[in-house]
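Chemist: give me a 3D structure for the following:
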Amino acid sequence: MINYKHLHYFHAVATLGTVARAAEQLHVTAQAISMQLQLLEEQLGEELFKKKGRVLELTEAGKTVLRYAEQIFDLGNELEEAVRRGAFNGDETLRVGICDVIAKTLAFRLLQPAREAGLAMRLICREGRFDDMLLELTAHKLDLVIADQGLPTGGAVRGFTHLLGSSTLTVFGHPALCAAWPGEFPQRLRGAPFLLPGQDAAIHSQLKSWFESQALRPITVGEFDDGALLKSFACAGAGFMVAPTVLSDIVRAENGLEAVGTVDSIVEHFYAVSVERRERHPAVRRILDGAGAVFGGAA
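Modeler: Down below sits the predicted model:
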């Protein structure tokens, strides 16, 4: 039977390129790693590395072993998560990170299918910046992150990005503010007070570019990382705001804001980010499967 530690040392050398670097990262001697690699090669009956200058390159057999090793480590992580969330005692727990810029109403709609798991499933939600949520995810303190951006290509975090849906943006304002800035859309926003999502939001720069392209030059009253706080200022009439068009009916009904127009040229995308290759958590599967119904015709 293949030793898990052998694979661990092999993976370190394969990704770092040298035994010395692997030894430094794993805090063991280079001799110990070399011995473990030799035992693994003897067990498999294949050479896994070949020297190229000062580094070690994988042989074809080594590349195959690396693929299997990564899958084994993924399964090991899933096992740890299953134990942590109580999969064996009937008390399922789903830990979800929600980026600050995500509208709370949208987050609720996306997470609602998770409750179909029944009363035995406990939902724990954390809020914060995208980068902070990713750190929690890679540390296996979260099962899923809902965000307005996916994992960057070639980034340090290994994971998987799932597109939940997309929506154009609609501009909303307090009735008194709308009365004070009448006219056709979008010209009525020229020089008007505006509340922008913070720079962490994926649509921040797109909105600024749209303002410039329409020669609107609104007055930026404030920028908010927290979408709920931004909406509170909008409800007080401090400025116009944008929200996903898919939430238009709720924004009007629950917050008393009026829709003044839709920005069709900007489409906001929403993602679920996980570190699992296969979504085995039943509640996560329900969230991914149910997202289409949330966005519907507004996607």
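Chemist: any idea which helix or strand of this protein has the worst average confidence?
Modeler: None of the helices or strands of the chain scores lower by mean pLDDT, DSSP states H and E than helix 60-84, at a mean of 78.
Chemist: next SSE downstream of that helix?
Modeler: strand 93-99 (DSSP states H and E).
Chemist: what's that following strand packed up against?
Modeler: strand 122-128, helix 130-138, strand 144-147 (3 or more C-beta pairs under 8 Å, 6 or more residues apart in numbering; DSSP states H and E). (Each C-beta comes from the backbone N, C-alpha and C, glycine too.)
Chemist: tell me the angle that strand makes with helix 60-84.
Modeler: Counting by axes from the mean of the first three to the mean of the last three C-alpha atoms, to 10 degrees, strand 93-99 lies at 110 degrees to helix 60-84.
Chemist: what kind of secondary structure is residue 150 in?
Modeler: Using DSSP: H, G, I helix; E, B strand; the rest coil, the three-state assignment for residue 150 comes out as coil.
Chemist: off-centre distance for the least confident helix or strand of the chain?
Modeler: Helix 60-84 sits 22 Å away from the centroid of its parent chain (C-alpha atoms, centre = their mean, to the nearest Å).
Chemist: before we move on, what about stretch 128-141?
Modeler: That offset, for stretch 128-141, works out to 9 Å (C-alpha atoms, centre = their mean).
Chemist: how about low-confidence regions in the stretch 1-150 of the chain?
Modeler: Across the stretch 1-150 of the chain, residues meeting the criterion (pLDDT under 70) sit at 78-79, 81-91, 117-120.
Chemist: next, count neighbours for residue 236.
Modeler: When neighbours are counted by other C-beta atoms under 10 Å, residue 236 registers 10.
Chemist: what do you get for residue 77?
Modeler: Neighbours of residue 77 using other C-beta under 10 Å come to 14.
Chemist: likewise for residue 251?
Modeler: With other C-beta under 10 Å as criterion, residue 251 counts 23.
Chemist: show me the contacts for it.
Modeler: Contact analysis of residue 251 by C-beta atoms under 8 Å, 6 or more residues apart in numbering lists 105, 170, 172, 243, 257, 259.
Chemist: with residue 18 instead?
Modeler: Residue 18 touches 54-56, counting by C-beta under 8 Å, 6+ apart.
Chemist: can I get those residues in a markdown table including distance to residue 116, secondary structure and neighbour count?
Modeler: A markdown table is the format used below for these (distance: C-beta to C-beta, whole Å; DSSP: H, G, I helix; E, B strand; the rest coil; neighbours: other C-beta atoms under 10 Å):
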| residue | distance to residue 116 | secondary structure | neighbour count |
| --- | --- | --- | --- |
| 54 | 55 | coil | 8 |
| 55 | 51 | strand | 12 |
| 56 | 49 | strand | 20 |
